[in-house]
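> generate coordinates for the sequence data below:
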Amino acid sequence: MNKKERFMNFLQNKPVDRAPVAFFHHFTRNDEWFKGLVNPEIFEKNINGHKKARDVFDPDVIKVMNDSLMIMMVDVSMVKEAKDLRDIVPPAKDSAWMQKTKELTLRALDFYKDSEAPKYATGFSPFMVLRASFSASPAHMKDYRENMIKWVQEDPDSFLFALDKIADTIMELNTMLVKECGAEGIYFSVNNQSHFFPDDLYLKYVVPSDKKVIAHANTLSDINLLHICGYAGKANNLELFKDYDIAGFNWAVHAEGVSLSEGKKLFGGKPVFGGFEQDTVIYTGTREEVEEFTYKILDEAGRTGIMIGCDCTVPHDIDDNRLEWVRQACVKYAENKK
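Numbering: from 1, shown residues only. Next up is the predicted model:
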């Protein structure tokens, strides 16, 4: 099987010659994230990191990681009370952030133009965009969680209006990423880490904007993936996302305490992927330890509708040879099962 055939069999819960491997990569340090608009060196480092990584490990699945730009920010400086949420300003398509995102995606994907592996662009949910924008705003960062909960309870229509406005901009961004940049699917990141919103509020006021973006993404591609981010070990309630209409699911197996086989049942038998923590065995273990952990994942989850990956994005300074260790372990595992 080639990479595209193997991946499509994974998405269709069909047999594969060996489990595909999908480790997605940071290319800059944490303190360099978001700084690509003001620091050209970080922007270039982010782009060229894709080539350096591929020179060592040619991935089964490609995902552009936009560390230097990261989450789209909206202007929330005018928000003093709930009704002001209607006045937030997402970036326009001709804004610097949008145009730099286009440039980064085009140039990163050019490093993979000869690969048959599926190619993804990274996307974030409207709720994550709004949260990130408030957390970065000097006027709001101290008590933004409490304010967001208060505002959605005081004026739910204005809160929904804001998320809907952000969703429309994300949909415009996704159209650009697929139709103008050549991405074949959207890797859509969501989270309600550490119960940032009570579950009832999340279901009623956040889920609709997630589903709106996903429904639109599904008009662009039928291979979109959902990443339920458990960054820094912060857990989510996976039940919130179980009926999302998307091709495959990834979550933080270790933060959530939900194995791949358990998650596959929760998500109705849909394809799932992950298994490693991004900064433990895969980052520091010996080759033998990495191989043993790969076998452990496959013993637990099987090989049908299963792809090996991580809870979240691997660190920028990982030795990419380690990712090849996992792929070779998957090959060896398949041979031993013949």
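
> dump the lowest-mean-pLDDT helix or strand in the chain to PDB, restricted to CA.
Least confident helix or strand, the chain: helix 253-256 with a mean of 94, by mean pLDDT, DSSP states H and E. The C-alpha trace of helix 253-256 is given here as PDB (Å, rounded to 0.1, in the frame of the first residue of the first chain):
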ATOM      1  CA  VAL A 253      -5.400   9.300  25.700                       C
ATOM      2  CA  HIS A 254      -3.300   9.800  28.900                       C
ATOM      3  CA  ALA A 255      -4.800  13.100  30.100                       C
ATOM      4  CA  GLU A 256      -8.300  11.700  29.600                       C
END
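
> and for the residue nearest to Met73 when sequence neighbours are not counted, the neighbour number?
Counting by Cβ to Cβ, 6 or more residues apart in numbering, Met73 lies nearest to Ser133, which is 5.1 Å off, once chain neighbours are set aside. In short, each C-beta sits where N, CA and C put it, glycine included. Ser133 has 22 neighbours, counted by other Cβ atoms under 10 Å.

> hmm, back to that, and the next helix or strand past the least confident helix or strand of the chain?
Heading C-terminal from helix 253-256, the first helix or strand you meet, by DSSP states H and E, is helix 260-266.

> what lies in contact with that following helix?
238-239, 242, 249, 251, 253, 256, 258, 270-275, 297, 300-302, 305-306 (Cβ atoms under 8 Å, 6 or more residues apart in numbering).

> inside helices: which ones of those?
Residues of the contacts of helix 260-266 located in helices (DSSP state H): 253, 256, 297, 300-301.

> PyMOL command for the buried members of these?
Provided next is the PyMOL selection string for whichever of the ones in helices among the contacts of helix 260-266 are buried by 16 or more other Cβ atoms under 10 Å:
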select buried, resi 253+256+297+301
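
> nearest to Val129, of the ones in helices among the contacts of helix 260-266?
Glu256 (22.9 Å; Cβ to Cβ).

> quick one: contacts for that closest one?
Here Glu256 is in contact with 230, 235-236, 238, 263 (criterion: Cβ under 8 Å, 6+ apart).

> identify the residues contacting stretch 86-99?
Residues contacting stretch 86-99 (Cβ under 8 Å, 6+ apart): 37, 69, 72-76, 78-79, 129-130, 133, 158, 161-162, 165-166, 168-169, 172-173, 176.

> swap in 10 Å and give it another go.
36-38, 66, 69-79, 101-102, 126, 129-130, 133-134, 155, 157-159, 161-163, 165-170, 172-173, 175-176 (Cβ atoms under 10 Å, 6 or more residues apart in numbering).

> repeat for stretch 30-49
For stretch 30-49, contacts defined as Cβ under 10 Å, 6+ apart pick out 25-29, 52, 64-71, 73, 95-97, 100-101, 103-108, 110-111, 132, 136, 315-316.

> centre of the chain to it, how far?
Centroid separation between stretch 30-49 and its chain, computed with Cα atoms, centre = their mean, to the nearest Å, is 19 Å.

> show me what counts as buried in it.
Those buried within stretch 30-49 under the rule 16+ other Cβ under 10 Å are 32-36, 42-43, 45-47, 49.

> would you mark the buried spots in the helix or strand where the residue nearest to Met73 lies?
Using DSSP H and E, Ser133 sits within helix 126-135. Using 16+ other Cβ under 10 Å as the test for burial, helix 126-135 gives 126-134.

> can you put the residues you listed in TSV and add distance to Asp222 and pLDDT?
Below are those laid out as TSV (distance: Cβ to Cβ, whole Å; pLDDT from 0 to 100):
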residue	distance to Asp222	pLDDT
Pro126	22	98
Phe127	24	97
Met128	23	96
Val129	24	97
Leu130	28	97
Arg131	29	96
Ala132	28	95
Ser133	31	96
Phe134	34	95
